[in-house]
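Undergrad: okay, predicted coordinates and the sequence, questions at the end:
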Amino acid sequence: MYMSDIKEYDTTHGSPFDRGSADSWYHRPFNPHYGGVGGDSGSRVELADMTVDEIVAYTAGYNWNEQHGGKKDWN
């Protein structure tokens, strides 16, 4: 779990927060989604089928990595 100032987020593999932080890590554009990465993550869920809370969690993960995380070095 990741706890922001006001909310706690699920950080399990494939969760919206996880996918947002991974997209930022891999230099991918902001594109809310979750799942679809194997294991117990389930099928990929696109923005049109996400709840507001899921979009907020993806955004929090993306923004967290932009501010505090690193970026994949492809060299």
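TA: On my side now, so go ahead.
Undergrad: got the CA coordinates for stretch 29-41 in PDB?
TA: Output in PDB follows, covering the C-alpha atoms of stretch 29-41 (Å, rounded to 0.1, in the frame of the first residue of the first chain):
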ATOM      1  CA  PRO A  29       2.700   8.800 -21.800                       C
ATOM      2  CA  PHE A  30      -0.100   9.300 -19.300                       C
ATOM      3  CA  ASN A  31      -2.800   6.800 -20.300                       C
ATOM      4  CA  PRO A  32      -5.000   5.500 -17.500                       C
ATOM      5  CA  HIS A  33      -5.500   1.700 -17.500                       C
ATOM      6  CA  TYR A  34      -4.800  -1.300 -15.200                       C
ATOM      7  CA  GLY A  35      -4.300  -5.000 -15.300                       C
ATOM      8  CA  GLY A  36      -3.200  -7.000 -18.300                       C
ATOM      9  CA  VAL A  37       0.300  -7.700 -17.000                       C
ATOM     10  CA  GLY A  38       0.100 -11.400 -16.100                       C
ATOM     11  CA  GLY A  39      -0.200 -13.200 -12.800                       C
ATOM     12  CA  ASP A  40      -3.300 -12.200 -10.900                       C
ATOM     13  CA  SER A  41      -3.600  -8.800 -12.600                       C
END
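Undergrad: how about it, which residues are buried there?
TA: Within stretch 29-41, the residues that qualify as buried are 32-35, 41, counting by 16 or more other C-beta atoms under 10 Å. In this view, the C-beta of every residue, glycine as well, is placed from N, C-alpha and C.
Undergrad: same question for stretch 60-73.
TA: 60-65.
Undergrad: secondary structure element for W74, which one?
TA: If you go by DSSP states H and E, W74 is not part of any helix or strand.
Undergrad: on that earlier part again, tell me the one of the buried residues of stretch 60-73 nearest Y26?
TA: When the buried residues of stretch 60-73 are ranked by distance to Y26 (C-beta to C-beta), N65 comes first, at 9.7 Å.
Undergrad: isn't the closest one right next to S24, touching?
TA: Yes: N65 lies in contact with S24 (C-beta atoms under 8 Å); the separation is 3.7 Å.
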